[in-house]
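Chemist: pasting the sequence and the predicted coordinates here, then a few questions.
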Amino acid sequence: MLRDVFQRWMNHPGMNQELLKKVSNLSVALPQKQKHFGLEGKHLEDVRSRHQILDCAINTSLEQENFRNMHADELFAYASRLEDKYAGDIGQLKFFLDHISVQDGFYASLERAYFLFRHFDEQEELMRFFETQEFSRNLEAPLRDWMRELSAESHDFTKEEIILASWFIHFAILGSLPSLKRHTVFARLTQLLFLRSHHMDACGLLALNLSILPKQAVYKRACDQFKFKDVNDLLKSDLSNLINFGMDIHWNAITDANLLLREIYQDQIEYEDYTPRQRNMVNFFFDQGLRIQKPDTSHLNERQQKIIDLIFENHFSSTKDLSLIFRCNRKTIQRDFTELLDMGMVRQMGNGAALRYTVTIKDRPYNPLERLQNLRLGEVPVQISLFGDTGVHKKTPTASNRGLF
């Protein structure tokens, strides 16, 4: 099983497991942040589209251009100018990315992408494909067999295994398809399709190609190593150093995506109108409030497990809400909450009729920060969960709540 291979790579003594875990956690957190902070609409779409075009510009030109020894600001400006030089290829690649559906699974999207790349410069053939969705399937063994197996098995993979598998896909295509024109571009695009099929593409903001730029020389040497390397040989190889190299790229890309989402959030809540201390709190909520993952609930009874699920889905809940959902006495729900509080799996927010339960902010509570979850905007008491309440944050800060921060 391929999973055994990825487990072996993951447990390799040379593998940077801590970095892999960080990449995995942030990859999972970003879709949660998008949902819980209400980051939807035209602003996000505009940022996503612009970022994808820029990433496509890098992808189409990475082998032709020399980005070495450029400062980060210079890289970004230079990458922007590539849009004029490679406009045709960039537009076509972006069109492919927008129109290759991953709903039917990764392997189906891989076949479509391979056909499109084989006919990259044949406009009539491409038009026929998009009109009929009919195409020839020419991906050959052993790559075909391994990718089918990977696509089928990956539904049961952990998030860390999915990230590892995406880099295996990248490396495998580099080695198996050197005769395909633009095969390196195809390898990088296919990795993104795999991550997208598992909702690990950072809400469409993951730009791995941009993160490759500062390591372009090392990346080119890695590409040369994979030429004509059979997939079977690749699976037997010690890839720990190359995977660690990929993790560095992945971490830079996922943190950049997080910053983009945070900027969208800041624009949405009129961040510039807040005081410096308020800004620090807003950034704390965004960056740390979703840091923890849903805890292991296997040791809880069925109702308690559902309570935890509901709290993570709806940000917070009350005994009254849950007594209506479960159709039981509020005292019964309160006993559940008492046990969950004792285990540290939930925390109280507010008091009296406004009492709610939410997730714990950190492994070690920091009371000066936690107490600021209860704000009073004007004369209206408001509960703010760590996941954020967009209805609250969209309001302009008033004199009464500025002093709280």
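Modeler: Done, it's in. What you see is a predicted model; the values in this text were computed from it and never measured. Numbering: from 1, shown residues only.

Chemist: in this structure Leu164 contacts Ile243, no?
Modeler: Yes. Shown here, Leu164 and Ile243 form a contact pair, counting by CB atoms under 8 Å, at 6.5 Å. (Glycine included, C-beta is placed from N, CA and C.)

Chemist: shared neighbours, these two?
Modeler: By CB atoms under 8 Å, 6 or more residues apart in numbering, Leu164 and Ile243 have these common neighbours: Trp9.

Chemist: tell me which element the nearest residue to Leu189 once chain neighbours are set aside falls in.
Modeler: With sequence-adjacent residues excluded and distances taken as CB to CB, 6 or more residues apart in numbering, Leu189 is closest to Ala113, at 6.3 Å. Per DSSP states H and E, Ala113 falls inside helix 106-118.

Chemist: contacts for that helix?
Modeler: Applying CB under 8 Å, 6+ apart, the contact partners of helix 106-118 are 96, 100-102, 126, 129, 135-139, 147-148, 150-152, 154, 180-183, 185-186, 189-190, 193-194, 197-198.

Chemist: among the residues you listed, which are in helices?
Modeler: Assignment to helices by DSSP state H places the following of the contacts of helix 106-118 there: 96, 126, 129, 147-148, 150-152, 183, 185-186, 189-190, 193-194, 197.

Chemist: neighbour-wise, which of these leads?
Modeler: Within the ones in helices among the contacts of helix 106-118, Phe194 tops the neighbour count with 28 neighbours, counted by other CB atoms under 10 Å.

Chemist: my guess is that one meets Ala172, correct?
Modeler: No. No contact is recorded between Phe194 and Ala172 when judged using CB under 8 Å, the distance being 11.0 Å.

Chemist: I'd like the distance between Ser317 and Leu310.
Modeler: Spatial separation of Ser317 from Leu310 under the definition CB to CB, to the nearest Å is 6 Å.

Chemist: which one of the two has more residues nearby?
Modeler: In this view Ser317 and Leu310 are compared by other CB under 10 Å, and Ser317 has more residues nearby, 21 against 17.

Chemist: now the nearest residue to Trp251 once chain neighbours are set aside: how far from Leu206?
Modeler: Once flanking residues are discounted, Trp251 sits nearest to Val23: 5.3 Å by CB to CB, 6+ apart. In this view, Val23 and Leu206 are 11 Å apart by CB to CB.

Chemist: in this protein, which spans are strands?
Modeler: According to DSSP state E, the chain carries its strands in the segments 316-317, 347-349, 356-358, 374-377, 380-383.

Chemist: which elements pack onto the third one?
Modeler: Same thing as strand 356-358. Judged by 3 or more CB pairs under 8 Å, 6 or more residues apart in numbering; DSSP states H and E, strand 356-358 is in contact with strand 316-317, helix 330-342, strand 347-349.

Chemist: before we move on, what about the first one?
Modeler: If you count contacts as 3+ CB pairs under 8 Å, 6+ apart, strand 316-317 packs onto helix 302-314, strand 356-358.

Chemist: buried residues in the last one?
Modeler: Applying a neighbour-count criterion of 16 or more other CB atoms under 10 Å, the buried positions in strand 356-358 are 356-358.

Chemist: returning to that earlier point: please identify the most buried of the helices and strands packed on strand 356-358.
Modeler: Here the criterion is mean neighbour count by mean count of other CB atoms under 10 Å, and of those the winner is strand 316-317, at a mean of 22.

Chemist: in its sheet, what does that one sit against?
Modeler: Within its sheet, and counting by DSSP bridges, strand 316-317 is paired with strand 356-358 (antiparallel).

Chemist: buried sites along stretch 233-247?
Modeler: Judged by neighbour count using 16+ other CB under 10 Å, the buried positions of stretch 233-247 are 234-235, 239-240, 242-243, 245-247.

Chemist: helices - which of those residues land there?
Modeler: 234-235, 240, 242-243, 245-247.

Chemist: is it possible to get a markdown table of these that adds pLDDT?
Modeler: A markdown table is the format used below for these (pLDDT from 0 to 100):
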| residue | pLDDT |
| --- | --- |
| Leu234 | 77 |
| Leu235 | 77 |
| Ser240 | 80 |
| Leu242 | 85 |
| Ile243 | 87 |
| Phe245 | 92 |
| Gly246 | 92 |
| Met247 | 94 |
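
Chemist: dump those residues into CSV; add distance to Leu340 as well.
Modeler: CSV is the format used below for these (distance: CB to CB, whole Å):
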residue, distance to Leu340
Leu234, 47
Leu235, 44
Ser240, 40
Leu242, 44
Ile243, 38
Phe245, 42
Gly246, 39
Met247, 35
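
Chemist: thought Thr255 was touching the residue nearest to Trp251, still the case?
Modeler: No. If you go by CB under 8 Å, Val23 and Thr255 don't touch, sitting 9.2 Å apart.

Chemist: when those two are compared, which one has more neighbours?
Modeler: Neighbour tally, Val23 and Thr255, criterion other CB under 10 Å: the higher count belongs to Val23, 25 against 15.

Chemist: wait, what's in contact with the more buried one?
Modeler: Contacts for Val23 (CB under 8 Å, 6+ apart) come out as 163, 247, 250-251, 254.
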